[in-house]
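Visitor: my questions concern the predicted model and sequence given below.
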Amino acid sequence: MKKLLLYINVIALMIITTDVWGQKESNIWYFGNHAGLDFNSGSPVAITNGGMMTYDNASAICDSAGNLLFYTDGQMVWNANHQIMSNGVNIGGSTTGGQAAVIVKKPLSNSIYYIFTSDGFGASGGLEYSIVDMSLLGGLGEVTQLGTLLQIPSTEKLAGIHTCTEKFTWLITHRGNSNEFCSYKITHNGLDTVPVVSAIGTFIQAGPYGVVNSTAGQMSLSKDGSKLASVNYQSGTVEIFDFNVASYHNQSNPTN
């Protein structure tokens, strides 16, 4: 990655993080005070039947036909009936995180999903993941692996990109108390817990909880996966990097 640093005034926005790998898998959003949006008609339609009340980021996922599967605020998981999913309590993370949760479907699977969660302010909870199996309980799903620690300290920044040709997904985050981006690969074999590490850009100090710092601020990839933008809340800066999915795929050593 190469760095281009832009200094601007950062406007805080609520970002709805959805899994966007499929054509209709991001067609329903849930967020805020039982609120949501349904894009299945081609235009956003307001919905108010959500079971969730949260002040920050949330994540939702549908099947390939645009039918709701589940959603999460980073700590709880709700199924398609807007009830707490079996074992979907205290999965980790924080409801105050700028990107508190990201849902990633396991490549080539019809039922397995990963939920990645980050703690607010880069606090002691770190980056964790849980696993949902939608083949259980008549299709309502169950959390079968709960709050497994992946990285500590971490930041609130989470982003993902799926490569349609190679059939794998990268989950990208930023390690706390470092200038290191960490990219975790998810394939049909599961999650590789040893990340590709790229040391570049701003040193971001983590936690403790409640102390405002640059762990807050969203991170996002361009649609073609060639650029990564990372917002540093406290310093009011945005960093834009070149991102090469192919070079990550060809990386023989997990750390560079």
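Guide: Cool, got the structure.

Visitor: who's in contact with Gly225?
Guide: Residues counted as contacts of Gly225 (CB atoms under 8 Å, 6 or more residues apart in numbering) are Ile161, Thr163, Phe243, Val245. Heads up, the C-betas are built off the backbone N, CA and C, glycines and all.

Visitor: check whether the residue at the greatest distance from the centre of the chain sits in a helix, strand or coil.
Guide: Among the C-alpha atoms of the chain, the one most distant from their mean position (CA atoms, centre = their mean) is that of Gly138, at 26.4 Å. Under the three-state scheme (DSSP: H, G, I helix; E, B strand; the rest coil), the conformation of Gly138 reads as helix.

Visitor: how far away is it from Ser64?
Guide: In this view, Gly138 and Ser64 are 19 Å apart by CB to CB, to the nearest Å.

Visitor: ok so, going back, between the contacts of Gly225, which has the most around it?
Guide: Phe243 (24 neighbours; other CB atoms under 10 Å).

Visitor: wait, it sits on Asp224?
Guide: No: under the criterion of CB atoms under 8 Å, Phe243 is not in contact with Asp224, lying 9.6 Å apart.

Visitor: give me the phi and psi angles of Asn122.
Guide: Just to correct that, residue 122 is Gly rather than Asn. Reported as degrees, to the nearest 10, the phi and psi values for Gly122 are phi 70, psi 30.

Visitor: wait, what's in contact with the closest residue to Val196 other than its chain neighbours?
Guide: Computed as CB to CB, 6 or more residues apart in numbering, the closest residue to Val196 that is not its neighbour in sequence is Ser183, at 4.5 Å. With CB under 8 Å, 6+ apart as the criterion, the residues that contact Ser183 are Trp170, Leu171, Ile172, Pro195, Val196, Val197, Ser198, Tyr248.

Visitor: who does Ser183 form a beta bridge with?
Guide: Counting by DSSP bridges, Ser183 forms beta bridges with Ile172, Val196.

Visitor: per-residue pLDDT, the residue nearest in space to the middle of the chain?
Guide: When CA atoms, centre = their mean is applied to the chain, the residue found nearest the centroid is Val102 (2.5 Å). In the prediction, the pLDDT value recorded for Val102 is 93.
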